[in-house]
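Trainee: Fold the following.
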Amino acid sequence: MRILLASLLAVIAVLPTRAGDERIKTVLIDNPRGDDPIRIVKVMQGATALENDERQYSNRYAWESAFYAGDDWPDTLSLVIKNVSTKKIVYISAGCYLEETASWQDEHSTRRSTPLPGAIGNSIGRRPEQGLYSGLLSRKLGPDTDRPPFELAPEQEFTLPLEDPEEYLNLKSGIEEKEPISRITACSGGVAQVFFDDGTQWQGHRYLRADPDQPGHWMKMSLEEWLSAKSTK
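Mentor: Numbering: from 1, shown residues only. Model (predicted):
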């Protein structure tokens, strides 16, 4: 799932520098809108709904918030996701790249060559059969049958933590081998992938269907094609 977070970097906006107080944390979320099938109703930090900074960016999907939090703040983030499509959602993955600062503009040119401290990520549901093949690894992944099924019907909402609670301690330990966790003050990410009950998916603001002739390859669909798509299960 964490591999899919790479696609989010292409749609994250370039932001002005914000540095200084390590108590200030900054979240940059890729916020679905327009013809996208989901909405992020709230970005939560614990029981608190974060407020949008209301800044205007060149990327219309960018949503940013700055807030005060303790060192383990990455483990407290969650997204309230609403299905605004006409189809049932059966799988959602989301995550966030962790960074030392929110100096997005300064780091943009070196982001690919500078290792990031880590990433948080979480998912729920089961991917369809055609979603289990990794084009990057050129092989089929293990089935999701050990995971409970999940359905998010149209107009329903679900709160998904951005980090799997069982994974955070391992992530924190790995980061602290190199630097104090207190130096992590920013993250950028959002919803990485959504699968629907008809076997189609949404990723990077695009609707996709599986290529029957090339395992692991997905073909872009227009909104009209996606709306009329029949189940491939």
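Trainee: Name the nearest residue to Ile124, ignoring sequence neighbours.
Mentor: Phe150 (5.0 Å; C-beta to C-beta, 6 or more residues apart in numbering). C-betas here are computed from N, CA, C, even on glycine.
Trainee: Hmm, Ser93 and the one you found touching each other?
Mentor: No. Under the criterion of C-beta atoms under 8 Å, Phe150 is not in contact with Ser93, lying 11.4 Å apart.
Trainee: Settle it for me: which of these two has more neighbours?
Mentor: Set side by side, Phe150 and Ser93 show more neighbours around Ser93, with 21 against 17, by other C-beta atoms under 10 Å.
Trainee: sec struct for the more buried one, please.
Mentor: With DSSP: H, G, I helix; E, B strand; the rest coil as the basis, Ser93 sits in strand.
Trainee: List the contacts of the residue nearest to Ile124.
Mentor: By C-beta atoms under 8 Å, 6 or more residues apart in numbering, the contact set of Phe150 is Ile89, Val90, Tyr91, Ile92, Ile124, Gly125, Arg126.
Trainee: Report the separation between the two terminal residues of stretch 156-166.
Mentor: 26 Å (C-alpha to C-alpha, to the nearest Å).
Trainee: likewise stretch 62-75?
Mentor: 22 Å.
Trainee: In that stretch, which residues have enough neighbours to count as buried?
Mentor: Residues of stretch 62-75 classed as buried by neighbour count (16 or more other C-beta atoms under 10 Å): Ala62, Trp63, Glu64, Ser65, Ala66, Ala69, Asp71, Trp73, Pro74, Asp75.
Trainee: now swap in stretch 209-227 and tell me
Mentor: Using 16+ other C-beta under 10 Å as the test for burial, stretch 209-227 gives Arg209, Ala210, Gly216, Trp218, Met221, Trp226.
Trainee: can you check stretch 192-210 too?
Mentor: Per 16+ other C-beta under 10 Å, stretch 192-210 contains these buried residues: 192-203, 207-210.
Trainee: Where do the helices of this structure begin and end?
Mentor: For the chain, applying DSSP state H gives helices covering 6-9, 104-108, 168-176, 223-228.
Trainee: Tell me if I'm right that Lys178 and Gly118 touch.
Mentor: No. In this structure, Lys178 is not within contact of Gly118 by C-beta under 8 Å, at 9.4 Å.
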